[in-house]
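S.K.: Mind looking at a prediction? Sequence and model below.
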Amino acid sequence: MFVCKLPDVAARTVRDATFDVFREYGLTLLFANPGSTEISLLADLPDDLRFVLGLHESSVVGMATGWAIGRGEPALAILHTTAGLGNAVGALATARVNRAPLVVVVGQQDRRHLAAEPFLAGKLRGLAGEYPVWVNEPVRAQDVPGAVARACHEAVTARGPALVIVPMDDWAADANGSDERAAPRRVVRSRAADPEAVVELAELLSRAAHPAIVAGAGTDDPETWSALVALAEQLACPVWQESFSARAGFPQDHPLFAGHLPADRIRLRQTLEPHDAVLVVGGPAFRQYPFHAGPFVEPGTRVAVVSEDPAEVHRSTAELAVLAHPAPVCAELARVLPAREGAPPVRPTAPPPPAPPAAGELLRAGHVFAAMAERLPRDAIVIEESPSNRPELLARLPAHESLGSLSPAMGGLGFALPAATGLRMALPGRPVVAVVGDGSSLYSIQALWSAAHYGAGALFVILVNGGYAIMDRLAEQHGGAVPWPGFGVDVAGLARALGCPARTVKTHDELLAAFDDVLPGLAARGEPLLLEIAVAPDETFAP
Ligand SMILES: Cc1ncc(C[n+]2csc(CCOP(=O)(O)OP(=O)(O)O)c2C)c(N)n1
Ligand SMILES: [Mg+2]
């Protein structure tokens, strides 16, 4: 019998199968900067996959990180072999420490001649060091879709970037053999509170006469906020925010909020000295900045930790650490512990607004934050990357709602502009303001192009003090001369050159007028705006 064999024009490719994985896991926004090793993936994208161009990989990954944090879901970033991944390493480290789930596809040269190390062949596996939560080089092209699905699970469970390195010829390979993925369709992560763990924590807390709570960045979600509020109210105890926290773990306008812990052991010991038990929730015991000798707490203070981050749990200097999601544990503790009587602590109030500057004097950061505090909508997200002004910003701009406060968790500059852009794309109805130093603004300035091009209506407030004020203060404290010059960069001009509308503000009246004009309508902005505000450098710095 004669059988007519049709040509196999409609053969399904690994690229098709991977796009289905993207769709299945909601990875339909592709934050990317393309290179030749990614052309076979990216050319002729189907309409339901949206490409978002970042003009440098710090912006690509920063935008993806903002998006992932805003959505609480993994975001997809696509990077170009060694050059792209190399440029992105700092941003990937920030994503890891900020606990943002990212699926990162890294393009590689063609498998068929990789052995000969052609132009653009990348030594990619170890390039991002220990910062990815998972790195995979699929053994066969047909393993790529499953690897992307697994990367999604790895990124969510370990909360960081998971990398899949894909040779460029894999995308056109026949998908036959890729259906049996080495990854489950769904992962259900159990979050129930272990009754034994709750009993141990409850015992430690009920023996204490004067307990206290320290909230870390890991409690910043609405469910954990309310569980922690219930626990704090049950214990009638003060709640501090860990120092140098990347997120607000507790409502900072609550009467039990006691302020931000100091970042050195001397002042930390003094602050916690009145307490015989400290429960650290969603953070390590203890996050610090400058080193000072001696213990974190006085000998009479018992320390317990609850966190779902294994590394935080394992490195904590504590008597007891519980590896668990804090929300159910805190809710359960609030249920089993008896209500305590006791006067709530005196809540730190924001310092009064500074008097307007005298004629001819420059504005100070305090003027900017005080004016913002009076006008910002309650649900605003404030992204801080203004190093010398951070303590004053935290004091004047409390987080009223979950995700109200965000900063680069490991101190790497160049996060705020792209993160604000990605956050605003993820949460188009929520006001987003990035407060950024002039020096900090220059690390990922090209993110402004993406914000403008994609209509991300974030507000970028750039505090122009003419240089690296924090470095100058630290050098003074160290007792040494500063070898780096100050700089006067026209940041508003740079913004305009990148297509981002910008205004400059020099006087107090201009400041109030600009904020009156812009802040009330922030939630509805369809385009970004950069405000370049000239400020005097602060003369002191005590984190
Ligand atoms: C990528 C990166 N490079 C260098 C540093 C070190 N660093 C920390 S703060 C700072 C200066 C920041 O200047 P600016 O944003 O103007 O803030 P100011 O200190 O003036 O408030 C530098 C260079 C860093 N944290 N990250
Ligand atoms: Mg500066």
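M.R.: Structure's in. What do you need? Ligands and ions are numbered 1, 2, ... in the order given.
S.K.: What separation do you get for residue 489 and ligand 1?
M.R.: Separation of residue 489 from ligand 1 (C-beta to the nearest ligand atom, to the nearest Å): 10 Å. C-beta coordinates here come from the backbone N, C-alpha and C atoms, glycine included.
S.K.: If we go by neighbour counts, what in stretch 257-264 is buried?
M.R.: For stretch 257-264, a neighbour-count test (16 or more other C-beta atoms under 10 Å) marks 257-264 as buried.
S.K.: closest to residue 438 among the residues you listed?
M.R.: Nearest to residue 438 among the buried residues of stretch 257-264, counting by C-beta to C-beta, is residue 263 at 23.5 Å.
S.K.: I'd assumed residue 543 was in contact with that closest one.
M.R.: Yes - counting by C-beta atoms under 8 Å, residue 263 touches residue 543, with 4.4 Å between them.
S.K.: Overlap in contacts, the two.
M.R.: Common neighbours of residue 263 and residue 543, counting by C-beta atoms under 8 Å, 6 or more residues apart in numbering, are 243-244, 289-290.
S.K.: most surrounded residue in the residues you listed?
M.R.: residue 243 (22 neighbours; other C-beta atoms under 10 Å).
S.K.: Flag every buried residue along the longest helix seen in the chain.
M.R.: Taking DSSP state H as the criterion, the chain has its longest helix at helix 81-97. Neighbour-count burial for helix 81-97 flags 81-82, 84-97 (criterion: 16+ other C-beta under 10 Å).
S.K.: Can you name the helix or strand that the residue nearest to residue 459 when sequence neighbours are not counted falls in?
M.R.: In space, not counting the residues next to it along the chain, residue 459 is nearest to residue 433; the distance is 4.7 Å by C-beta to C-beta, 6 or more residues apart in numbering. According to DSSP states H and E, residue 433 maps onto strand 432-437.
S.K.: Quick one: list the elements packing against that strand.
M.R.: helix 365-375, strand 381-385, helix 416-426, strand 459-464 (3 or more C-beta pairs under 8 Å, 6 or more residues apart in numbering; DSSP states H and E).
S.K.: Out of these, which is the most enclosed?
M.R.: Between the helices and strands packed on strand 432-437, helix 416-426 has the highest mean count of neighbours, a mean of 31, where neighbours are mean count of other C-beta atoms under 10 Å.
S.K.: And for residue 291, the neighbour number?
M.R.: 7.
S.K.: Look up how far ligand 2 lies from residue 523.
M.R.: 29 Å (C-beta to the ion, to the nearest Å).
S.K.: Am I right that that residue sits in a strand?
M.R.: No - going by DSSP: H, G, I helix; E, B strand; the rest coil, the assignment for residue 523 is helix, not a strand.
S.K.: end-to-end on stretch 92-112?
M.R.: When the termini of stretch 92-112 are compared using C-alpha to C-alpha, to the nearest Å, they are 29 Å apart.
S.K.: Give the buried residues for it.
M.R.: 92-109.
S.K.: Could you do stretch 176-183 as well?
M.R.: So stretch 176-183, judged by 16+ other C-beta under 10 Å, has buried residues 178, 181, 183.
S.K.: would you turn those into JSON lines with distance to ligand 2 and pLDDT?
M.R.: Listed next are the buried residues of stretch 176-183 as JSON lines, based on distance: C-beta to the ion, whole Å; pLDDT from 0 to 100:
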{"residue": "178", "distance to ligand 2": "51", "pLDDT": "91"}
{"residue": "181", "distance to ligand 2": "49", "pLDDT": "95"}
{"residue": "183", "distance to ligand 2": "46", "pLDDT": "96"}
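S.K.: Looking at the residues you listed, which one is closest to ligand 1?
M.R.: residue 183 (34.3 Å; C-beta to the nearest ligand atom).
S.K.: isn't the closest one right up against residue 162?
M.R.: No - counting by C-beta under 8 Å, residue 183 stays clear of residue 162, with 11.3 Å between them.
S.K.: overlap in contacts of the two?
M.R.: Residues touching both residue 183 and residue 162 (C-beta under 8 Å, 6+ apart): 150, 152.
S.K.: Looking at the buried residues of stretch 257-264, which one is closest to ligand 1?
M.R.: Of the buried residues of stretch 257-264, the one sitting nearest to ligand 1 (C-beta to the nearest ligand atom) turns out to be residue 263, at 14.3 Å.
S.K.: Can you give me every residue that contacts the closest one?
M.R.: Residues counted as contacts of residue 263 (C-beta under 8 Å, 6+ apart) are 243-244, 287-290, 543.
S.K.: for it, helix, strand, or coil?
M.R.: Criterion first, three-state DSSP; result for residue 263: coil.
S.K.: Give me every residue in the stretch 251-400 of the chain lying close to ligand 1.
M.R.: 386-389 (C-beta under 6 Å from any ligand atom).
S.K.: ranking those by neighbours, who comes first?
M.R.: Busiest of those [other C-beta under 10 Å] is residue 386, holding 29 neighbours.
S.K.: ok, now which ones touch residue 445?
M.R.: Counting by C-beta under 8 Å, 6+ apart, residue 445 has contacts 417, 491, 494-495, 498.
S.K.: Same check on residue 491?
M.R.: 438, 441-442, 445, 462, 464, 502, 530, 532.
S.K.: Widest-spaced pair of those?
M.R.: Pairwise over the contacts of residue 491, using C-beta to C-beta, the maximum falls at 442 and 502, 14.5 Å.
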